[in-house]
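Peer 1: generate a structure from the sequence data that follows.
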Amino acid sequence: MGTKDVLPATPVKAHTSSNANLQSTQQLSGNTPVTRKLAPQYTGSDWTVHKSRTAVKDDLGPYIPELPYEFFKDNILPPLHRKANVKGTITRLKKAGVITNAGNSSRWTAFPEDPHKQSDENKVFAKLASVVNAIFDNSGCPKKQERIVAYESLPDSIPLCCVDEKLGRPDGYLLFKNRFLADREDGRRYWRDIATPAEFKLQDTRDTLQDDVNKICWNMYQVMQEDARRRFVFAFTIENTQMRVWMANRSDVLVSQPFNFIEDHEKFVHFFLSQAYAEEHELGLDPTMTMVSAEPNKVPMYDIVVRVVSKINGREKIENQTYRTQKLINDDGAKALRGRGTRVWKVHRVVRNVVDFRKPGVLKDAWVDEDREREGDILEAIRDQKGLTEVAGNILKALFLTPIARGDVFIGNTRDGTRTLITRGVAVPDDSTKFPLRVPDSHQPSHAKSTVLDAIAHGDPSPSDAMIQAQRLVKYFSKFHHRIVFAEECKPLSKVESLCTVFSTLFDVTLGLMIMHQNGPGWVHRDISAGNILLDMNGNETKLSDLEYAKKLDVKTAHEIRTGTANFMAVEVDQQVYIYAYESRKPKVGPKSIDRYAAAFFRREKGNLAATGDSLSAPGPSQPPKSEKLFQYNPTHDLESLWWVAAYFVVNKETFLASPRSSSDTPVTPANSHSRLTEKQRTYARSLFYGSLPRVIAMSSTEDTPIDEHMRSLPSYLSRVCEALIELRKTLRAHYGTIEHPAFEIDKNVCNELYETFMDTFSALAEDLKDADIIVKPIPRDRNQEGLRVDTARASTTAATKRSTKRQFEDEVDTSTGSKRRKANAEVDPPAEAVAEASGSVPKPKKGKGSERKKKGTSQEAKVATEAAGSRVTRSRSSSRKF
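Peer 2: Modelled structure (predicted):
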């Protein structure tokens with residue numbers, strides 16, 4: 001089967017919120033309301049299978065669309081092989097005795113009675129294997145037409161992981177019959193081998209349905225996360241006789257209306273025939289990515305095609321460039337079913353089947369909203385805009401990454417998109433039925449002749465059910481698949497362990513944001529985080545990445561929802577309302593020249609730039625007052641995100657004093673040189689960066705708030721840092737009160753006084769930490785908690801085999817079915833680093849001054865002086881930039 005021509009995408013109708021608090025804002029807002037992602041929350045000591053399953057499901061919201069099976073058949077499931085015929089297959093199955101008549105209906109011979117009347121779940125659903133294989137054998141397809149999948153029911157072992165170690169085992173699955181699986185000596189299955197996972201239950205009750213919903217969402221998440229080639233995934237669940245088909249991609253998670261798999265043979269046979277003879281891309285695999293190695297315990301290597309379109313003499317030229325991955329740099333964006341699914345690799349160009357190792361690059365694969373500009377285009381628009389001074393232009397060129405190839409992904413002649421290809425150009429109907437991901441208490445079993453939706457319509461829901469039913473069915477914007485290759489290899493700020501480096505880097509970002517905000521139409525980044533702020537591999541140069549959501553201040557586009565982790569999001573953006581619009585406003589201050597900060601950025605003496613008289617900002621006329629008070633993202637929100645990044649390294653990390661001060665106010669002892677967070681402190685830190693209300697409270701006043709009290713409870717060697725951040729928070733909070741007013745106008749010059757305060761604070765902290773740095777590390781895992789109960793059978797190597805012998809299989813009674821199932825539980829020894837941290841040992845300080853920045857040369861380090869708040873601040877970075 002070849003790639004099919006499809007209709008072009010048509011925009012989805014925007015829906016307004018039914019939430020009274022947000023309705024007026026979302027109807028006219030020029031920004032995209034946010035969905036907070038929960039899946040990354042449960043890591044380290046807090047990780048458990050149950051928590052993670054629930055988080056993945058909760059990320060999807062209260063409802064997903066429930067569609068007739070015919071919609072799946074016509075628009076989503078792969079077309080049948082030209083020789084396959086559903087009715088012909090059923091006729092042959094009847095002749096073979098696989099289907100028998102039972103009164104007024106017919107049913108599978110293997111299921112003479114409904115599953116809920118039996119007691120052994122494993123024994124009942126093991127019979128599915130014989131039914132599915134009989135369907136394959138009687139499909140009518142030529143014997144030489146090899147099936148792409150094989151069916152396995154009730155596997156004994158947990159699928160292995162390459163990306164993250166997490167427990168979980170589907171009750172059954174369709175398995176890709178590929179060469180890596182065939183060549184694997186130990187016969188173990190990886191999550192990437194699974195084409196279509198499944199979950200089964202004997203009973204159709206509220207608890208069993210909820211358990212299957214949680215597990216199937218988790219299974220689809222695991223499949224999508226483990227294999228970078230997966231663009232979407234199918235799945236199916238069965239509770240008693242009720243079967244549902246599922247599909248998840250980066251925009252939508254859909255479920256079919258239930259049907260009786262024992263008696264509705266046409267739908268059951270059609271589903272498995274659609275899977276059996278599909279092409280790989282029709283089951284979600286990306287044909288522009290080829291797995292070139294799949295060694296046990298290692299992240300696979302891929303050859304990835306980037307489709308580059310260039311214009312030569314007015315004519316388009318298309319070139320397919322191939323890049324081979326060397327290592328996975330980041331996949332945090334893929335840790336949710338819906339969203340951008342961003343992955344970043346270090347890559348090398350492949351030319352004529354030869355890998356060129358001379359010039360490595362970084363490839364970013366992501367799904368972007370179909371109406372947004374591509375990242376490379378946004379980057380060029382900001383960097384090359386008119387009106388920039390030479391100094392400002394040079395700073396932006398140094399701050400941004402350098403694209404060397406970019407383009408949308410095409411499969412055949414069709415652009416790869418969640419609607420253009422995956423749903424064959426058809427949008428989900430606006431009047432789709434809502435399927436509750438938290439099953440209401442009023443759900444009645446299928447043998448009582450009631451479906452989930454019938455229960456909602458006619459039941460008597462509890463208050464919690466009524467609350468969840470009041471929420472609307474949110475429709476996500478469709479996405480296109482895009483790739484971009486950058487010349488620079490960097491590491492995210494989140495991986496940095498020197499607090500001195502953190503603050504000097506935040507200084508650079510503040511300066512870059514000021515130039516973005518104040519020049520031309522004014523650009524806001526809108527996605528500042530510890531993962532989007534980068535350092536080159538030498539630790540010398542700051543880079544600001546992920547510009548997919550950057551936009552001009554004067555552009556107003558409405559999206560119903562934007563997905564992404566909200567760890568560093570400004571409180572107002574999270575709430576989508578002007579929270580502080582009630583305080584008096586100070587007179588507007590015009591843009592200031594900030595050349596004194598450029599010297600620190602370039603690692604040169606301030607006097608070399610000050611003499612030029614160049615201004616970094618090109619002030620323009622103020623925008624007229626807005627006629628409507630619509631919520632709009634503004635530059636202050638970018639700066640608040642920077643503050644949350646700074647707070648993250650102090651509040652949500654374990655800290656170590658790398659070297660004592662020469663004249664410390666507090667004597668340094670082993671007891672006070674290491675910050676081990678109490679459980680109360682850990683809980684508060686989690687609530688700040690994975691919750692919403694604690695952040696609102698933290699930013700609620702210019703007086704002390706709980707976050708200030710929390711910071712003051714940290715070790716004394718953090719007191720200078722904490723007091724500076726507390727003061728900066730209060731200044732930021734006061735600034736909101738001066739710009740938000742009943743008659744306020746917010747334009748690109750709204751933060752003119754605030755940039756200087758942020759840069760002076762970050763510079764002063766970097767200088768203060770230069771001779772007595774503080775090391776920050778992730779909060780270590782606790783061996784006594786369930787976070788370390790992970791699958792140890794990751795590999796077929798000798799070491800993994802030895803570990804697997806320690807695994808204890810416990811017979812755990814399923815309270816909802818009464819059957820016994822084996823669960824694998826194991827403990828893995830934590831890394832040596834975590835053991836050292838848990839034992840209280842302090843890591844050896846780094847050589848030099850505690851900063852991660854490497855020196856280039858012996859005596860050529862530039863000591864750049866810059867005035868900040870009336871004093872000179874020395875920046876400790878090597879003079880490595882050249883322009």
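Peer 1: helix or strand: which one has residue 198?
Peer 2: Residue 198 is part of strand 194-201 when elements are defined by DSSP states H and E.
Peer 1: same deal with residue 298?
Peer 2: Using DSSP H and E, no helix or strand contains residue 298.
Peer 1: give the burial count for the closest residue to residue 85 other than its chain neighbours, as a bare number.
Peer 2: Nearest non-adjacent residue to residue 85, counting by C-beta to C-beta, 6 or more residues apart in numbering: residue 140, 5.6 Å away. For the C-beta atoms, the positions are set from N, CA and C on the backbone; glycine is no exception. Other residues near residue 140 come to 15 when the count uses other C-beta atoms under 10 Å.
Peer 1: circling back: so what secondary structure elements neighbour the helix or strand just after the strand holding residue 198?
Peer 2: Once the chain leaves strand 194-201, the next helix or strand it forms, by DSSP H and E, is helix 206-226. Applying 3 or more C-beta pairs under 8 Å, 6 or more residues apart in numbering; DSSP states H and E, one finds that helix 206-226 makes contact with helix 49-58, strand 194-201, strand 232-239, strand 242-249.
Peer 1: try it again at 6 Å.
Peer 2: In terms of contacts (3 or more C-beta pairs under 6 Å, 6 or more residues apart in numbering; DSSP states H and E), helix 206-226 is packed against helix 49-58, strand 194-201, strand 232-239.
Peer 1: weakest of these by average pLDDT?
Peer 2: Confidence, taken as mean pLDDT, is least for helix 49-58 of these (a mean of 80).
Peer 1: and the strand or helix carrying residue 697, what's buried?
Peer 2: Secondary structure from DSSP H and E places residue 697 in helix 693-698. Neighbour counts over helix 693-698 (16 or more other C-beta atoms under 10 Å) mark 694-695, 698 as buried.
Peer 1: make JSON lines from these and add distance to residue 250 to it.
Peer 2: Putting the buried residues of helix 693-698 into JSON lines (distance: C-beta to C-beta, whole Å) gives the following:
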{"residue": "694", "distance to residue 250": "30"}
{"residue": "695", "distance to residue 250": "27"}
{"residue": "698", "distance to residue 250": "32"}
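Peer 1: sorry, back to before: would you agree the residue nearest to residue 85 is in contact with residue 82?
Peer 2: No - between residue 140 and residue 82 there is no contact under C-beta atoms under 6 Å: 10.2 Å.
Peer 1: how about the nearest residue to residue 210 once chain neighbours are set aside, what does it touch?
Peer 2: With sequence-adjacent residues excluded and distances taken as C-beta to C-beta, 6+ apart, residue 210 is closest to residue 439, at 4.4 Å. Listed by C-beta atoms under 6 Å, 6 or more residues apart in numbering, the contact partners of residue 439 are 206, 209-210.
Peer 1: please tell me how far residue 439 sits from residue 57.
Peer 2: According to C-beta to C-beta, to the nearest Å, residue 439 stands 11 Å off from residue 57.
Peer 1: please apply the same query to residue 553.
Peer 2: In terms of C-beta to C-beta, residue 553 sits 37 Å off from residue 57.
Peer 1: so between those two, which is more surrounded?
Peer 2: Between residue 553 and residue 57, counted using other C-beta under 10 Å, residue 57 has the larger neighbour count: 24 against 21.
Peer 1: name the helix or strand for the residue nearest to residue 210, please.
Peer 2: Using DSSP H and E, residue 439 maps to neither a helix nor a strand.
Peer 1: now do the phi/psi pair for it.
Peer 2: phi -60, psi 130 (degrees, to the nearest 10).
Peer 1: compute the inter-axis angle for the strand holding residue 198 and helix 206-226.
Peer 2: Angle, strand 194-201 to helix 206-226, by axes from the mean of the first three to the mean of the last three C-alpha atoms, to 10 degrees: 170 degrees.
Peer 1: what does strand 194-201 rub up against?
Peer 2: Identification of contacts with strand 194-201 by C-beta under 6 Å, 6+ apart yields 125, 149, 170-174, 176, 208, 212, 215-216, 219, 223, 234-239, 275, 283.
Peer 1: in its sheet, what does that strand sit against?
Peer 2: strand 172-176 (antiparallel), strand 232-239 (parallel) (DSSP bridges).
Peer 1: most tightly surrounded among the ones you listed?
Peer 2: Counting by mean count of other C-beta atoms under 10 Å, strand 232-239 has the highest mean neighbour count of these, with a mean of 25.
Peer 1: what residues does it touch?
Peer 2: For strand 232-239, with C-beta under 6 Å, 6+ apart as the criterion, the contacting residues are 196-201, 204, 208-209, 212, 216, 220, 223-224, 244-249, 284, 422.
Peer 1: what do you get if the cut-off is 8 Å, keeping everything else the same?
Peer 2: Residues outside strand 232-239 that contact it (C-beta atoms under 8 Å, 6 or more residues apart in numbering): 77, 115, 125, 195-201, 203-205, 208-209, 212-213, 216, 219-220, 223-224, 243-250, 261, 271, 275, 283-284, 418, 422, 446.
Peer 1: repeat for stretch 325-335
Peer 2: Counting by C-beta under 8 Å, 6+ apart, 37, 39-40, 163, 224-225, 228, 299, 301-304, 339-348, 360, 362-363, 366, 489, 491-492, 531, 565 sit against stretch 325-335.
Peer 1: which residues touch stretch 371-383?
Peer 2: 11, 364, 368, 393, 396-397, 400-401, 403, 406, 408, 477, 482, 484, 516, 520, 523, 546-550, 557.
Peer 1: what do you get if the cut-off is 7 Å, keeping everything else the same?
Peer 2: Contacts with stretch 371-383, where a contact means C-beta atoms under 7 Å, 6 or more residues apart in numbering, come from 368, 396-397, 400, 403, 406, 482, 484, 516, 523, 547-548, 550.
Peer 1: what is the lowest-pLDDT residue among these?
Peer 2: Per-residue pLDDT puts residue 548 lowest of these, at 86.
Peer 1: okay, helices next: where are they in the stretch 301-450 of the chain?
Peer 2: Secondary structure of the stretch 301-450 of the chain, counting by DSSP state H, counting those that start in this stretch: helices at 375-383, 390-399.
Peer 1: show me where the stretch 601-750 of the chain has its helices.
Peer 2: Applying DSSP H, counting those that start in this stretch to the stretch 601-750 of the chain gives helices spanning 606-610, 635-651, 679-690, 693-698, 706-712, 719-739.
Peer 1: tilt between the longest one and helix 635-651?
Peer 2: This means helix 719-739. If you take the same axes, to 10 degrees, helix 719-739 sits at 160 degrees to helix 635-651.
Peer 1: report all helices and strands that helix 719-739 contacts.
Peer 2: When contacts are defined as 3 or more C-beta pairs under 7 Å, 6 or more residues apart in numbering; DSSP states H and E, helix 719-739 packs onto helix 635-651, helix 706-712, helix 752-769.
Peer 1: any chance of TSV for those, columns mean neighbour count?
Peer 2: Listed next are the helices and strands packed on helix 719-739 as TSV, based on neighbours: other C-beta atoms under 10 Å:
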stretch	mean neighbour count
helix 635-651	23
helix 706-712	17
helix 752-769	22
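Peer 1: what's the closest of these to residue 540?
Peer 2: Evaluated with C-beta to C-beta, those place helix 752-769 nearest to residue 540, the distance being 14.1 Å.
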